[in-house]
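J.: A predicted structure for the sequence below; I have some questions about it.
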Amino acid sequence: MSYCLNPNCRKPENPDGNKFCISCGSKLLLADRYRATKTIGQGGFGKTFLAVDEYKPSHPPCVIKQFLPQTNSPASAQKAAELFQREAQQLDELGRHDQIPELYAHFAQEQQQYLVQEFIDGENLEKELAANGAFNEQQIRQLLQDLLPVLQFVHEQGVIHRDIKPENILRRRVDGKLVLVDFGSAKNFSNKATNKVGTTIGSAGYVAPEQLLGKATPASDLYSLGVTCVRLLTQIAPLQLYDYREGVWVWRDYLQYPVSDRLSALLEKLLQTKLEKRYQSVAQVQEAFREVTAASIPPQSDAIATASPSLWTRLLGATPQMLKGKLAQHWGKYDDAIASYDRAIAIQPNNYQAWYQKGCLCAELGKQEVALFCYEKTVSIHPAHFEAWRERGLLLTKTQLYQEAVSCYLKSLQINNHQPEVWLWLSFALKQINDTNQARICLEKAKDILPSSPVEAANLLMQAWQKIIE
């Protein structure tokens, strides 16, 4: 198939071999040799297409980048044009490295600017993460071993990438090597220029604090590399891995595999928010990395390493998140408990016990809507969780949604019918919707299964009533 590059074309798909678009009449061959076949990406500055080079006998694949800024501001369009031009210059200089795409051509056609560059056959690390799950230490070591020399080469050319993240790192299919792509945000730097305020560019969560202020340095790329590593280790979005209240990274709370102390220390220094406390050059990272590789990798069965974001976390060390939450809840650390349950859910979204425990705590704290949602998630994952059905019914009773409460009580009793308090609550809810006969039957059922001890029976009845009126 041929794909028309005219941005205003309504039907850009064309039969293979056509010279002109059958819809708008535009030329389908770029520079009389490059034929776009499909779109593979779109951003703020334009579109990216997979293409073939028809000038060469083998018709090898390549990539076409079309400059098409999505802005109505002349100043913004001019800035975007400068960045596009800069990317061409950067790729022309950097493309001689084996792990950076080579620039084939840069030109204008029909008032549009284009880049043509090497096609890298492979998947980016974000897609790899989604397909295969969190990385382990061995994979992160391999990533650093692959990328640190590439980044050193980039910095030696006086260039800062400014947008390092999993999406911009491709694993080349032919040899498994990692390739650094998308230099559209890159800029040149010099000792004189690093203190000047420039444009803020980068991806949310991956950008170093000084880069947000328009003062990117080579160390800003190292920060982004550190964020990339912890994103891959945890499968959690970067913004969730930083505790803004305490001003610390909490990535180790989300680990799915153990990480050695040496690698943890290296990553923590990469992630320093204060520029002066971070590694200042790739050479410094490589020196620290040599110490990491000299040590053995912790066995996969070891306890997961822990971070030190707070005194509470330091005390609990490597205790699993569910137990952390229960202990925190026991000691009245409710915010910490909810945070621990959230982390358990982030690590394993189908952890119905974490959803249930969070629901119970939220109900206790008067957060009824959150609690109802948590109970609903619990039973959607584990329909036989009679406690969640019971507690959801109780909350619905308190909010006077009696018909829905009846449904929840019945489901709980279908799973476990020896719950006298639930039969009592069901009787109460039925009474409220004027189903007197069924209410009387349920009350008799509750009486039949009450404890034989009058004291125990009285206590149970009192507790059941208190839960409704609380």
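T.: Received, thanks. Computed from a prediction, not measured in an experiment: that's the story for all the values here. Residues are numbered from 1 along each chain as shown.
J.: In the stretch 351-470 of the chain, what residue spans correspond to helices?
T.: In the stretch 351-470 of the chain, the helices defined using DSSP state H, counting those that start in this stretch lie at 352-364, 368-381, 386-398, 402-415, 420-432, 436-448, 454-469.
J.: same deal with the stretch 1-150 of the chain?
T.: With DSSP H, counting those that start in this stretch as the criterion, the stretch 1-150 of the chain has helices at 74-94, 125-132, 137-156.
J.: Quick one, which of those gets closest to residue 407.
T.: With CB to CB as the measure, helix 125-132 is the member of these nearest residue 407 (36.6 Å). No exception for glycine: its C-beta is placed from N, CA and C like everyone else's.
J.: Output stretch 284-302 in PDB, but only the C-alpha positions, please.
T.: Provided in PDB are the C-alpha atoms of stretch 284-302 (Å, rounded to 0.1, in the frame of the first residue of the first chain):
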ATOM      1  CA  GLN A 284      31.000   8.700  36.900                       C
ATOM      2  CA  VAL A 285      28.000   6.300  36.400                       C
ATOM      3  CA  GLN A 286      30.200   3.800  34.600                       C
ATOM      4  CA  GLU A 287      32.700   3.800  37.500                       C
ATOM      5  CA  ALA A 288      29.900   3.100  39.900                       C
ATOM      6  CA  PHE A 289      28.400   0.500  37.500                       C
ATOM      7  CA  ARG A 290      31.700  -1.500  37.500                       C
ATOM      8  CA  GLU A 291      31.200  -2.000  41.300                       C
ATOM      9  CA  VAL A 292      27.600  -3.200  40.600                       C
ATOM     10  CA  THR A 293      28.700  -5.700  38.000                       C
ATOM     11  CA  ALA A 294      31.500  -7.000  40.300                       C
ATOM     12  CA  ALA A 295      28.800  -8.200  42.800                       C
ATOM     13  CA  SER A 296      26.500 -11.100  42.300                       C
ATOM     14  CA  ILE A 297      22.800 -10.700  41.500                       C
ATOM     15  CA  PRO A 298      20.400 -11.500  44.400                       C
ATOM     16  CA  PRO A 299      18.400 -14.700  43.900                       C
ATOM     17  CA  GLN A 300      14.900 -14.200  42.600                       C
ATOM     18  CA  SER A 301      13.500 -15.900  45.700                       C
ATOM     19  CA  ASP A 302      15.100 -13.400  48.100                       C
END
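J.: what comes up buried for it?
T.: Residues of stretch 284-302 classed as buried: 285-286, 288-289, 292, 297-298 (neighbour count, 16 or more other CB atoms under 10 Å).
J.: right, so the helices of the stretch 1-150 of the chain: which one is the most enclosed?
T.: Mean neighbour count (mean count of other CB atoms under 10 Å) peaks for helix 137-156 among the helices of the stretch 1-150 of the chain, with a mean of 18.
J.: Pass me the low-pLDDT residue ranges in the stretch 351-470 of the chain, would you?
T.: Applying pLDDT under 70 to the stretch 351-470 of the chain flags the ranges 452, 455-470.
J.: cutoff 90 now
T.: 351-354, 398-399, 417-422, 424-425, 427-428, 431-432, 436, 439-440, 442-470 (pLDDT under 90).
J.: Repeat that for the stretch 201-350 of the chain.
T.: In the predicted model, the stretch 201-350 of the chain carries pLDDT under 90 at residues 201-205, 212-214, 235-237, 239-248, 250, 252-258, 261, 293-333, 336-337, 339-350.
J.: Show me where it has its strands.
T.: With DSSP state E, counting those that start in this stretch as the criterion, the stretch 201-350 of the chain has strands at 242-243, 248-249.
J.: Minimum distance to residue 417: which of the ones you listed has it?
T.: strand 242-243 (45.2 Å).
J.: I'd like the strands of the stretch 201-350 of the chain as CSV, with mean neighbour count and distance to residue 103 appended.
T.: Shown next, in CSV, are the strands of the stretch 201-350 of the chain (neighbours: other CB atoms under 10 Å; distance: least, CB to CB, whole Å):
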stretch, mean neighbour count, distance to residue 103
strand 242-243, 18, 36
strand 248-249, 20, 36
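J.: Residue 345 and residue 351 touch, don't they?
T.: Yes. Look at residue 345 against residue 351 with CB atoms under 8 Å: they come within range, at 5.7 Å.
J.: closest to residue 266 among the buried residues of stretch 284-302?
T.: residue 288 (5.0 Å).
J.: Please tell me how far that closest one sits from residue 165.
T.: Using CB to CB, to the nearest Å, one gets 22 Å for the distance from residue 288 to residue 165.
J.: Tell me the pLDDT of the closest residue to residue 117 other than its chain neighbours.
T.: Once flanking residues are discounted, residue 117 sits nearest to residue 101: 4.7 Å by CB to CB, 6 or more residues apart in numbering. At residue 101, the model reports a pLDDT of 91.
J.: Can you show me the helices along the stretch 151-300 of the chain?
T.: 209-212, 218-234, 261-270, 282-294.
J.: same for the first one, what does it pack against?
T.: In other words, helix 209-212. Applying 3 or more CB pairs under 8 Å, 6 or more residues apart in numbering; DSSP states H and E, one finds that helix 209-212 contacts helix 218-234.
J.: same thing but at 7 Å, please
T.: When contacts are defined as 3 or more CB pairs under 7 Å, 6 or more residues apart in numbering; DSSP states H and E, helix 209-212 packs onto no helix or strand at all.
J.: How many residues are close by the residue nearest to residue 278 when sequence neighbours are not counted?
T.: Once flanking residues are discounted, residue 278 sits nearest to residue 272: 4.1 Å by CB to CB, 6+ apart. Neighbour count of residue 272, defined by other CB atoms under 10 Å: 18.
J.: Just give the nearest non-adjacent residue to residue 268, would you?
T.: Per CB to CB, 6+ apart, closest to residue 268 is residue 249, 7.1 Å.
J.: Was I right to think that neighbour contacts residue 271?
T.: Yes. In this structure, residue 249 is within contact of residue 271 by CB atoms under 7 Å, at 5.2 Å.
J.: Break the protein down into its structural domains.
T.: 2-118, 122-294, 311-469 (automatic domain parsing).
J.: Between the helices of the stretch 1-150 of the chain, which has the poorest mean confidence score?
T.: Among the helices of the stretch 1-150 of the chain, helix 74-94 carries the lowest mean pLDDT, at a mean of 75.
J.: how close does the residue nearest to residue 151 when sequence neighbours are not counted sit to residue 150?
T.: Spatially, and ignoring its direct neighbours in sequence, residue 151 is nearest to residue 282 (5.2 Å; CB to CB, 6+ apart). Computed with CB to CB, the distance linking residue 282 and residue 150 is 9 Å.
J.: Residue 42 now?
T.: Taking CB to CB as the measure, residue 42 falls 26 Å from residue 150.
J.: can you tell me which residues contact the most centrally placed residue in the chain?
T.: Among the residues of the chain, residue 237 comes closest to the average C-alpha position under CA atoms, centre = their mean, at 3.0 Å. For residue 237, the contact set (CB atoms under 7 Å, 6 or more residues apart in numbering) comprises residue 205.
J.: Can you tell me how far it is from residue 151?
T.: With the distance defined as CB to CB, residue 237 ends up 23 Å from residue 151.
J.: List phi and psi for the closest residue to residue 52 other than its chain neighbours.
T.: For residue 52, ignoring the flanking residues on the chain, the nearest one in space by CB to CB, 6+ apart is residue 59 at 4.6 Å. Backbone torsions for residue 59, taken as degrees, to the nearest 10, come to phi 50, psi 60.
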